[in-house]
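S.K.: Provided below for reference: sequence and predicted model.
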Amino acid sequence: MAEELFKALADRTRRRILDELVERDGQTLFELCGRLLAKYEVGLTRQAVSQHLAVLEAAGLVRSRREGRYKFHELNTEPLELIVTRWLRPEAPENTP
Amino acid sequence: MRIHLSSVFVDDQAKALSFYTDVLGFVKKNDVPLGEDRWLTVASSDDPDGTELLLEPSGHPAVQPFKDALVADGIPATAFLVDDVRAEFDRLRGLGVRFTQEPLEMGPVVTAVLDDTCGNLIQIAQYK
């Protein structure tokens, strides 16, 4: 899990996707693509953004929620606590190498 | 050459006519019976002789999966120009319209995306 998390965070576009979800949670793929283009001039194809979202989802940082016909992407910060407390509170029992 | 007609595939033409006229504010332009379907177009009330929007039936088997995939990812079928996206967003939401994207500034344009209740997402846009 930690490996996937660090890998997900290592990419600038994926960090920007997380930034945008912090600004407004629960976005469609279309809105995320628009935000990346407008704010960062990142003109990626929808397929490319979709693949970045899949990596973030695999790391547990993003969850997709189906609501009727729509699919929204939501931020989940829980996995971040594991990697932060690993060094901040190394005595915590849930920390593994 | 100019754009005379554009179309959206609607699940139910009667419901679509009601939504596009009563809610969005277009006016009916052509309504010609064609068997079970109609040649049904609307135009802007600001420009009734301008570009027409055809409310085309979704009966073809390829249409439904196409529409479902676009809607799932939030991709609009087409876009309409408005003077003030924020004001339209407030007005339409007051009428119970569902938005999948709230007003968002994207460089020179403000956009929002709404559900037309007939299987499509529609973008409204305003140039600043």
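M.R.: Yes, it's here.
S.K.: residue contacts, the nearest residue to B:D73 once chain neighbours are set aside?
M.R.: Excluding its sequence neighbours, the residue lying closest to B:D73 (CB to CB, 6 or more residues apart in numbering or on different chains) is A:L29, at 4.2 Å. Every residue, glycine included, has its C-beta placed from N, CA and C. For A:L29, the contact set (CB atoms under 8 Å, 6 or more residues apart in numbering or on different chains) comprises A:46, A:49-50, A:53, A:71, A:73, B:73-75.
S.K.: Check these for burial and list the buried ones.
M.R.: The neighbour-count test (16 or more other CB atoms under 10 Å in any protein chain shown) marks A:49, A:53, A:71, A:73, B:73-75 as buried among the contacts of A:L29.
S.K.: Spell out which parts of chain A neighbour chain B.
M.R.: A:24, A:27-31, A:34-35, A:37-38, A:46, A:50, A:69-72 (CB under 8 Å from any CB of the partner chain).
S.K.: Throw the contacts of A:L29 into JSON lines and include pLDDT, distance to B:E105 and secondary structure, thanks.
M.R.: Formatted as JSON lines, the contacts of A:L29 follow (pLDDT from 0 to 100; distance: CB to CB, whole Å; DSSP: H, G, I helix; E, B strand; the rest coil):
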{"residue": "A:R46", "pLDDT": "95", "distance to B:E105": "21", "secondary structure": "helix"}
{"residue": "A:V49", "pLDDT": "97", "distance to B:E105": "19", "secondary structure": "helix"}
{"residue": "A:S50", "pLDDT": "97", "distance to B:E105": "24", "secondary structure": "helix"}
{"residue": "A:L53", "pLDDT": "98", "distance to B:E105": "23", "secondary structure": "helix"}
{"residue": "A:K71", "pLDDT": "97", "distance to B:E105": "24", "secondary structure": "strand"}
{"residue": "A:H73", "pLDDT": "98", "distance to B:E105": "20", "secondary structure": "strand"}
{"residue": "B:D73", "pLDDT": "97", "distance to B:E105": "21", "secondary structure": "coil"}
{"residue": "B:G74", "pLDDT": "98", "distance to B:E105": "17", "secondary structure": "coil"}
{"residue": "B:I75", "pLDDT": "98", "distance to B:E105": "20", "secondary structure": "coil"}
